[in-house]
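**Q** fold the following and give me the result.
(2 chains, ligands or ions: 4)
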Amino acid sequence: MGTNESLLSVRDLVVKFNLRGQVLTAIRGASLDLYEGQTLAIVGESGSGKSVFTKSFLGMLDQNGWVDSGSILFEGVELSRYKSQEEWRAVRGKKIAMVFQDPMTALNPLKTIGKQIEEVLELHHGLKGLHAAKAAAEMLGRVGISDPEARAKQYPHEFSGGMRQRVVIAIAMACKPRILICDEPTTALDVTIQAQILDLIRALQKDFGFTTIYITHDLGVVANVADRVAVMYAGQIVEQGLVEEIFYDPRHPYTWALLSSLPQLGVKHEPLYAIKGTPPNLFKPIKGDAFAPRNPKALKIDFEEEPPEFFVSPTHSARTWLLDPQAPKLEPPAAIRALRAAYERSEA
Amino acid sequence: MSDWNESEPLLKLDGLRVEFGASKKKRFAAVKGASFEIMRGETFGLVGESGSGKTTIGRAIVRINEATSGRILYKGRQINGRISKELDREVVQKIQMIFQDPMASLNERAKVDYIVSEGLYNINGFSSEEERKAKVEKALLEVGLLPEFASRFPHEFSGGQRQRIGIARALIMEPELLVADEPISALDVSIRAQVLNLLAELQKRKGLTYLFIAHDLSVVRFITDRIAVIHKGDIVELAQTEELFRRPLHPYTKALLSAIPLPDPRLEKKKRIVIYDPSCHRYDERGPSWREAAPGHFVLADDRELAAYRDEIARADAAEGV
Ligand SMILES: Nc1ncnc2c1ncn2[C@@H]1O[C@H](COP(=O)(O)OP(=O)(O)OP(=O)(O)O)[C@@H](O)[C@H]1O
Ligand SMILES: Nc1ncnc2c1ncn2[C@@H]1O[C@H](COP(=O)(O)OP(=O)(O)OP(=O)(O)O)[C@@H](O)[C@H]1O
Ligand SMILES: [Mg+2]
Ligand SMILES: [Mg+2]
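**A** Ligands and ions are numbered 1, 2, ... in the order given. As a prediction, this is how the structure comes out:
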């Protein structure tokens, strides 16, 4: 499962955007450690900051965005101080690579698949001509594309969605990165293909020894791939821990809500748990716990003061006042208790 | 009116085939011969991988896609091909579709007011402007949106709200059958539950019948009464939802079930995915046909497979002590 060495260490990161003269705070003080060889999943609803957070590790924030404060330490280097594209080029693609949700936008429709992989090999490893072509075909074969020599001569539109995603992964792997960030890599695919892509990434991870971050809102994917899980809400990591801790012993009301709304945990012919309301406006300062207005069981203090990070175990923490020694004891919802009970039965 | 009665299917597909492509060489069948019946008040699921023909079937039922052959019957009357003006109007009103992508399916330049009532214009569904406005207001309230929203444009709404607008525009027609094409796939996790709950509640209140199309079996299991599984244009299996999950027969169904994401790390990490290889069937020139392996449980199989499936069922029953 890898060592306990933190490969990437993010502390109190704040990322802001300027939007027509107004400032939006997309990441509001997020901290995270990524451990060598482990797979981390980041979950949370749309707009919670998953993509912005991870893009800041590669200097890929949009023009109107910046790291306002906080630290991103990677291999002993403070990435948050990087200014020029020159500096980022040594990291982006080479040491930290990213795979996006829609493989079509990541590929150039006018160039053959083989050519696109060769370019990366040339840029990062100085391979040329036949050597590059051979290595590109090898890479395609490695990600499970049959007849790779012939396939390399084809264009992206001649590939199915699942095959295109394999190609994008091949391109990301071509530079042998230390960290692979997969931003919703399987959302556009159906379950069978999705499962195959997840298996593929796992196999590659074993062979190449990189560390993976998955961004997803599918908790089934999280359960499958993750060693650790970080739950994001309104630009903060509200809970993080080992995958078993998050699924069988979640502590933050938002994590409860997220799990409870899954149809897999629902009871047929009864309404599913649905999270009410909308996420907070990130243009305005947020008072207290950002999830409080949508939490039917919110405490008074949730509306007044921002909760600190409380530790449940050395690996598990959550930012909720429920973990304060003075807080009333609150039972998690039925779906969560059922998940835990099934787990305990299987352990016994 | 017809002499249809409640014990007969509300909708029946009989060997529906849909082909695309103008020239003979390019012709290809997206749906190769689909047969199933949907009873009134039922939620019928249609699942299969991307490109298997699910949307094509839905679109054939609302007659956007033309059936190449086969029959579609609504309350016992054929509705594909040439039909009378009255029947056409009845079907335009009574069968509605909710589309896969709430971001792309709404006319960006029209206000919600027009989008929601568009269908009414085609069936002379109102006698005065007041009546139309009242109907829009009622439909918006029914899907949990505020009547004030009528004067806004689609881009001012979130994904979940846009899907509600899509549902409102179907409801205003007072349909009996709703074809819901992946109504929640494009939505964020936090709003999926809302839309599923809304569909369930509307069904209870209005006695609606649903054809629910999806590729996510976990959602389908939660909401449907029966499920048909489609693979590359062929329906390969059909059964009551729990029956299908308890004892899937066709290897493709087994593959689909094995891939369902489970929100439980212990189970998910033990999960073994079955990959479907169509060459496993070894059919002779007669090929497979549509058979009833157990009461209400249909499967595409040849004689040899059918015998094996019946064996499988008998063994499963014995093991469960039925
Ligand atoms: N270039 C930008 N300008 C202004 N705001 C932005 C920009 N990029 C992102 N944001 C805002 O930052 C917040 C976080 O966005 P982000 O894309 O990280 O969300 P996400 O969690 O990845 O969501 P999704 O699941 O939809 O991909 C959102 O409120 C978004 O609108
Ligand atoms: N108008 C059309 N012209 C030509 N081919 C079409 C047309 N509509 C659909 N097809 C083809 O028919 C097949 C079935 O498509 P369909 O959209 O019904 O699949 P689906 O099961 O709904 O897939 P998804 O899960 O991706 O929505 C596909 O191969 C598709 O490319
Ligand atoms: Mg994102
Ligand atoms: Mg479709």
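
**Q** tell me the secondary structure for the one residue in the stretch 151-300 of chain B that gets nearest to chain A?
**A** Nearest residue of the stretch 151-300 of chain B to chain A (CB to the nearest CB) works out as B:Pro261 at 2.1 Å. For the C-beta atoms, the positions are set from N, CA and C on the backbone; glycine is no exception. Following DSSP: H, G, I helix; E, B strand; the rest coil, the label given to B:Pro261 is coil.

**Q** check B:Glu66 too.
**A** coil.

**Q** quick revisit: pretty sure the residue of the stretch 151-300 of chain B closest to chain A contacts B:Val219?
**A** No - with contact defined as CB atoms under 8 Å, B:Pro261 does not reach B:Val219; the gap is 10.9 Å.

**Q** where do the helices sit along the stretch 201-348 of chain A?
**A** Applying DSSP state H, counting those that start in this stretch to the stretch 201-348 of chain A gives helices spanning A:219-225, A:243-248, A:253-260, A:334-347.

**Q** I should have written the stretch 51-200 of chain B there, sorry.
**A** Using DSSP H, counting those that start in this stretch, helices in the stretch 51-200 of chain B cover B:54-61, B:85-94, B:112-122, B:129-142, B:159-171, B:189-206.

**Q** okay, the helices of the stretch 201-348 of chain A in a markdown table with distance to B:His250 next?
**A** Output for the helices of the stretch 201-348 of chain A, formatted as a markdown table (distance: least, CB to CB, whole Å):
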| stretch | distance to B:His250 |
| --- | --- |
| helix A:219-225 | 23 |
| helix A:243-248 | 32 |
| helix A:253-260 | 32 |
| helix A:334-347 | 29 |
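
**Q** could you say which one of the ones you listed comes nearest to B:Ala22?
**A** Taking CB to CB, helix A:219-225 is the member of the helices of the stretch 201-348 of chain A nearest to B:Ala22, at 40.6 Å.

**Q** JSON lines for the helices of the stretch 51-200 of chain B, including mean neighbour count?
**A** Shown next, in JSON lines, are the helices of the stretch 51-200 of chain B (neighbours: other CB atoms under 10 Å in any protein chain shown):
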{"stretch": "helix B:54-61", "mean neighbour count": "23"}
{"stretch": "helix B:85-94", "mean neighbour count": "15"}
{"stretch": "helix B:112-122", "mean neighbour count": "18"}
{"stretch": "helix B:129-142", "mean neighbour count": "16"}
{"stretch": "helix B:159-171", "mean neighbour count": "24"}
{"stretch": "helix B:189-206", "mean neighbour count": "20"}
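
**Q** is it possible to get JSON lines of those that adds mean pLDDT?
**A** Listed next are the helices of the stretch 51-200 of chain B as JSON lines, based on pLDDT from 0 to 100:
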{"stretch": "helix B:54-61", "mean pLDDT": "95"}
{"stretch": "helix B:85-94", "mean pLDDT": "93"}
{"stretch": "helix B:112-122", "mean pLDDT": "93"}
{"stretch": "helix B:129-142", "mean pLDDT": "93"}
{"stretch": "helix B:159-171", "mean pLDDT": "87"}
{"stretch": "helix B:189-206", "mean pLDDT": "87"}
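
**Q** now those as CSV including distance to A:Phe53?
**A** Shown next, in CSV, are those (distance: least, CB to CB, whole Å):
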stretch, distance to A:Phe53
helix B:54-61, 35
helix B:85-94, 48
helix B:112-122, 34
helix B:129-142, 36
helix B:159-171, 21
helix B:189-206, 18
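
**Q** out of the ones you listed, which gets nearest to ligand 2?
**A** Shortest distance between ligand 2 and the helices of the stretch 51-200 of chain B, using CB to the nearest ligand atom, is found for helix B:54-61: 3.1 Å.

**Q** how about the closest one and ligand 2, touching?
**A** Yes - counting by CB under 6 Å from any ligand atom, contacts between helix B:54-61 and ligand 2 involve B:54-56.

**Q** what about the residue of the stretch 151-300 of chain B closest to chain A, neighbour count?
**A** B:Pro261: 25 surrounding residues under other CB atoms under 10 Å in any protein chain shown.

**Q** now do the spatially closest residue to it that is not a sequence neighbour against B:Leu217, distance only.
**A** Closest residue to B:Pro261 apart from its sequence neighbours, by CB to CB, 6 or more residues apart in numbering or on different chains: A:Gly220 at 2.1 Å. Going from A:Gly220 to B:Leu217 by CB to CB, to the nearest Å gives 11 Å.

**Q** need the overlap of contacts for these two.
**A** B:Ile260 (CB atoms under 8 Å, 6 or more residues apart in numbering or on different chains).

**Q** write out the residues of chain B neighbouring ligand 2.
**A** So chain B meets ligand 2 at B:20, B:30, B:48, B:50-56, B:215 (CB under 6 Å from any ligand atom).

**Q** just want the residue of chain A that's nearest chain B.
**A** Among the residues of chain A, A:Gly220 lies nearest to chain B; the distance is 2.1 Å by CB to the nearest CB.

**Q** which residues are in contact with A:Ala14?
**A** Heads up, residue A:14 is Val, not Ala. Per CB under 8 Å, 6+ apart, neighbours of A:Val14: A:25, A:27-29, A:67-70.

**Q** so which residues of the stretch 151-300 of chain B form strands?
**A** B:177-181, B:209-214, B:226-231, B:234-240, B:289-294, B:297-301 (DSSP state E, counting those that start in this stretch).

**Q** let's have those strands in CSV, adding mean pLDDT, mean neighbour count and distance to B:Glu137.
**A** Listed next are those as CSV, based on pLDDT from 0 to 100; neighbours: other CB atoms under 10 Å in any protein chain shown; distance: least, CB to CB, whole Å:
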stretch, mean pLDDT, mean neighbour count, distance to B:Glu137
strand B:177-181, 95, 25, 21
strand B:209-214, 95, 25, 25
strand B:226-231, 97, 24, 35
strand B:234-240, 97, 23, 39
strand B:289-294, 94, 16, 46
strand B:297-301, 96, 22, 44
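
**Q** turn the ones you listed into JSON lines, columns for distance to chain A.
**A** Converted to JSON lines, the strands of the stretch 151-300 of chain B look like this (distance: least, CB to the nearest CB, whole Å):
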{"stretch": "strand B:177-181", "distance to chain A": "14"}
{"stretch": "strand B:209-214", "distance to chain A": "10"}
{"stretch": "strand B:226-231", "distance to chain A": "11"}
{"stretch": "strand B:234-240", "distance to chain A": "12"}
{"stretch": "strand B:289-294", "distance to chain A": "21"}
{"stretch": "strand B:297-301", "distance to chain A": "18"}
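
**Q** so A:Leu73 sits in a strand?
**A** Yes - A:Leu73 sits within a strand when classified using three-state DSSP.

**Q** residues near the spatially closest residue to A:Ala290 that is not a sequence neighbour, how many?
**A** Of all residues beyond its chain neighbours, the one nearest A:Ala290 is A:Ala234 (4.0 Å), with distances taken as CB to CB, 6+ apart. Using other CB under 10 Å, A:Ala234 has 23 neighbouring residues.

**Q** tell me the pLDDT of A:Ala234.
**A** We have a pLDDT of 95 for A:Ala234.

**Q** identify the residues contacting it.
**A** With CB under 8 Å, 6+ apart, A:Ala234 has these contacts: A:28, A:48-49, A:279-280, A:282, A:286, A:290-291.

**Q** 10 Å - rerun?
**A** A:25-28, A:44-45, A:47-49, A:254, A:279-282, A:286, A:289-291 (CB atoms under 10 Å, 6 or more residues apart in numbering or on different chains).

**Q** which of the residues you listed come close to ligand 1?
**A** A:26, A:44, A:47-49, A:282.

**Q** thought B:Asp302 was touching B:Arg282?
**A** Yes - if you go by CB atoms under 10 Å, B:Asp302 and B:Arg282 touch, sitting 8.9 Å apart.

**Q** neighbour-wise, which of those two wins?
**A** Comparing B:Asp302 with B:Arg282 by neighbour count (other CB under 10 Å), the higher total belongs to B:Asp302, at 16 against 8.
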